[in-house]
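Student: Got a sequence here, can you build the structure:
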Amino acid sequence: MSDVEREKLVKYGIDDKPPVVTSAFLGIQHYLTMVGANIAVPLILAEALGMPQELWPQFIGTFFVVSGIATLAQTTFGNRYPIVQGAPFSLLAPALAVIAVVQATNPAGEAWQVALLQLQGAIIVAAIVQVVIGYLGLVGKLKQYLSPVVIAPTIALIGLSLFDAPDITTANQDWWLLGLTLALIVLFSQYLDTNRLFKLFPVLLGIVGAYVIAFLFSTVGIYSPDAPGYVDFGAQTLNETPALLPITPFQWGIPEITAAFVIGMLAGVAASIVESLGDYYAVARLSGAAAPSEKRINHGIGMEGIMNVFSGVMGSGGSTSYSENIGAIGLTGVASRYVVQIGAVVMLIFGFSGWFGALVASIPSPIIGGLYIAMFGQIIAVGLANLKYVELDSQRNLFIVGISMFAGMAIPAYMGNIDGVDAIAAGLTDAAVLGTIVLTLDAIPYVGLLLGVDAIATTILVIGSTGMAVGGLIALFLDNTISGTDKERGLIAWEATAESNEEFLSAYDRFIRKKTPNTD
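Tutor: Alright, predicted model coming up:
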């Protein structure tokens, strides 16, 4: 990327430090882009667990505390990209499977707590494996097999994965409120972008503007309590919600470990790694930075593993890089690491406040839907922009990109229409030769936990339900097996903009060895 292109794209670069007050609001804006997902995950888990509702604010607050600390750790000691960390959807499928199995076998007493402790144990052990994979450099080794032909559909599928989110496509959608939110974001970011305030804060202004309208409509009775745009927040909510939440390590008890649950969770971790890899390339491009080096990728994945261990200790549902704030970078041009760190500190403090959790939870679904369209549409475009490095008149390249994107949407849709693990397990055992193999492995002690029917079925479900994992793996296989020149695949043009390992300094390099980056 040329200096002129970078200047047009980025208002604040990765190493820039805007004034503290400005950074605080910009940081909050980054976090507002991901509140929908970071609340949706704990709500889904709390409902599946059967957790008492009086504990829900504490559970949600834990996710925000973990998010704040994980973001600070990643931006300071990990890959150092300006990317928010939050609760991953990729771990939801195995988490719900763990909960269902535990509650089916422990129906009496505090079943929700028993299931949650098993979930924590599975996340911790699977995360330790992720730490090892990251810091041993296993993920970074993949870089030599990645070309823009692989990265383009992988990143685009990050955005496409939420095209059918309930916040957008629910049957009783309030399209006026969703449209208002989207219109305000577009207005501030595109048409009024000559005004510095509007250019820097289009997301914040769009959400606040739409929320005020929805609140007024709810107050005067235009929106009834059962309307999707209704805002349920007021004095009664504050009275019923604790001002300060007691969030501590092992707050739900000591985690328990069951091998079969760990295996299922490893599939979720694998999908999370693929998703994060795409996020790293996306945030680098939007930040005006070079493509990530092998060393940076390894430290990013390794730190995500450490923060997943921390998440398990705290009793939340995991942590991973979030695509939402990458879209915010594209809209605002604010790619400052400092801004994201300030925002993380603010969210960390707010995470202990039940009132903040109640306020965020009161944001109506249509507003989140409008935000998703703006954010994830931007990420789709960023992914496709990587194709400028490849030869687009190559039938080979068009075939790979097309089939990987189509499969990346179709296969997860299929996975959502079948009866989960049971349906896949039945398919495995019904297949003549394959069925004999998996049933034989299933009967072998210990081996069955790793390679048995349920373990294989869970792995297929988790990875198959993650669009970018499906599309990315298909593109990776085809791009490295179908004949094509380096120039045709875009490798020559891409490598000219890539970061070398010497340019990235780890925390050990910077704080212990006191090294400075080599940019020669």
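Student: Could you measure from residue 12 over to residue 329?
Tutor: The spacing between residue 12 and residue 329, counted by CB to CB, to the nearest Å, is 10 Å. Any C-beta I mention is one placed from the backbone N, CA and C, and that applies to glycine too.
Student: Quick check: neighbours shared by these two?
Tutor: residue 335 (CB atoms under 8 Å, 6 or more residues apart in numbering).
Student: Next, the buried residues of stretch 287-304.
Tutor: Residues of stretch 287-304 classed as buried by neighbour count (16 or more other CB atoms under 10 Å): 287-304.
Student: could you give the mean pLDDT of that stretch?
Tutor: On average, the pLDDT along stretch 287-304 is 91.
Student: Also stretch 349-369?
Tutor: The average pLDDT within stretch 349-369 is 83.
Student: Let's see the distance spanning that stretch from one end to the other.
Tutor: Distance between the boundary residues of stretch 349-369 (CA to CA, to the nearest Å) amounts to 26 Å.
Student: Report the distance from the helix ranked longest in the chain to the chain centre.
Tutor: For the chain, the helix with the greatest residue count under DSSP state H is helix 259-286. Taking CA atoms, centre = their mean, to the nearest Å, the mean C-alpha location of helix 259-286 is offset from the chain mean by 9 Å.
Student: repeat for stretch 296-311
Tutor: Taking CA atoms, centre = their mean, the mean C-alpha location of stretch 296-311 is offset from the chain mean by 13 Å.
Student: all helices for the stretch 401-520 of the chain, in order.
Tutor: Shown for the stretch 401-520 of the chain, the helices assigned by DSSP state H, counting those that start in this stretch span residues 420-430, 432-443, 447-451, 453-464, 467-481, 486-489, 491-495, 507.
Student: Next: the stretch 101-250 of the chain.
Tutor: Taking DSSP H, counting those that start in this stretch as the criterion, the stretch 101-250 of the chain carries its helices at 111-135, 148-160, 166-169, 175-186, 196-200, 202-220, 235-240.
Student: and the second one, what does it pack onto?
Tutor: Think helix 148-160. The elements that helix 148-160 packs onto, with contact taken as 3 or more CB pairs under 8 Å, 6 or more residues apart in numbering; DSSP states H and E, are helix 259-286, helix 365-385, helix 395-417, helix 467-481.
Student: List the buried residues for the longest helix of the chain?
Tutor: Buried residues in helix 259-286, defined by neighbour count with 16+ other CB under 10 Å: 260-286.
Student: Compute the distance between the most centrally placed residue in the chain and residue 97, please.
Tutor: If you average the C-alpha coordinates of the chain and look for the closest C-alpha using CA atoms, centre = their mean, you land on residue 322, 3.5 Å from that point. Separation of residue 322 from residue 97 (CB to CB): 23 Å.
Student: repeat for residue 154
Tutor: Residue 154 sits 25 Å away from residue 97, going by CB to CB.
Student: Comparing the two, which shows the higher neighbour count?
Tutor: residue 154 (32 against 25; other CB atoms under 10 Å).
Student: right, and that one touches residue 383 too?
Tutor: Yes - in this structure residue 154 lies within contact range of residue 383 using CB atoms under 8 Å: 7.0 Å.
Student: Find the residues that touch each one of these two.
Tutor: With CB under 8 Å, 6+ apart applied, the overlap between the contact sets of residue 154 and residue 383 consists of residue 278.
Student: Kindly provide the distance from residue 460 to residue 264.
Tutor: For residue 460, the distance to residue 264 (CB to CB) stands at 11 Å.
Student: got JSON lines for the helices of the stretch 401-520 of the chain, with mean neighbour count, mean pLDDT and distance to residue 405 too?
Tutor: Written out in JSON lines, the entries for those read as follows (neighbours: other CB atoms under 10 Å; pLDDT from 0 to 100; distance: least, CB to CB, whole Å):
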{"stretch": "helix 420-430", "mean neighbour count": "17", "mean pLDDT": "74", "distance to residue 405": "23"}
{"stretch": "helix 432-443", "mean neighbour count": "13", "mean pLDDT": "63", "distance to residue 405": "28"}
{"stretch": "helix 447-451", "mean neighbour count": "17", "mean pLDDT": "55", "distance to residue 405": "31"}
{"stretch": "helix 453-464", "mean neighbour count": "22", "mean pLDDT": "74", "distance to residue 405": "16"}
{"stretch": "helix 467-481", "mean neighbour count": "22", "mean pLDDT": "89", "distance to residue 405": "6"}
{"stretch": "helix 486-489", "mean neighbour count": "16", "mean pLDDT": "92", "distance to residue 405": "17"}
{"stretch": "helix 491-495", "mean neighbour count": "16", "mean pLDDT": "81", "distance to residue 405": "19"}
{"stretch": "helix 507", "mean neighbour count": "14", "mean pLDDT": "80", "distance to residue 405": "37"}
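Student: Of all those helices, which one comes closest to residue 60?
Tutor: Within the helices of the stretch 401-520 of the chain, the stretch nearest residue 60 is helix 453-464; the backing value is 23.8 Å (CB to CB).
Student: list the helices and strands the closest one packs on?
Tutor: Counting by 3+ CB pairs under 8 Å, 6+ apart, the packing neighbours recorded for helix 453-464 are helix 92-105, helix 259-286, helix 395-417, helix 420-430, helix 432-443, helix 467-481.
Student: Next, count neighbours for residue 246.
Tutor: Applying the criterion other CB under 10 Å, we find 9 residues in the vicinity of residue 246.
Student: and it, backbone torsions?
Tutor: Dihedral angles phi and psi of residue 246 (degrees, to the nearest 10) take the values phi -80, psi 80.
Student: so it sits right up against residue 58, yeah?
Tutor: Yes - if you go by CB under 8 Å, residue 246 and residue 58 touch, sitting 6.9 Å apart.
Student: got a list of contacts for stretch 217-236?
Tutor: Counting by CB under 8 Å, 6+ apart, 170, 172-174, 176-177, 211, 214-215, 358-359, 362-367 sit against stretch 217-236.
Student: Give the buried residues for it.
Tutor: Buried, per 16+ other CB under 10 Å, within stretch 217-236: 217-218, 223, 227-231, 233.
Student: would you list those residues in CSV and tack on pLDDT and distance to residue 86?
Tutor: Supplementary listing: the buried residues of stretch 217-236 in CSV, determined by pLDDT from 0 to 100; distance: CB to CB, whole Å:
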residue, pLDDT, distance to residue 86
217, 94, 30
218, 93, 28
223, 93, 29
227, 92, 28
228, 91, 24
229, 92, 25
230, 92, 26
231, 90, 23
233, 79, 22
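Student: With distance to residue 121 as added columns, please give the residues you listed in JSON lines.
Tutor: Formatted as JSON lines, the buried residues of stretch 217-236 follow (distance: CB to CB, whole Å):
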{"residue": "217", "distance to residue 121": "46"}
{"residue": "218", "distance to residue 121": "42"}
{"residue": "223", "distance to residue 121": "43"}
{"residue": "227", "distance to residue 121": "41"}
{"residue": "228", "distance to residue 121": "37"}
{"residue": "229", "distance to residue 121": "40"}
{"residue": "230", "distance to residue 121": "39"}
{"residue": "231", "distance to residue 121": "38"}
{"residue": "233", "distance to residue 121": "36"}
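Student: Alright, I will stop here.
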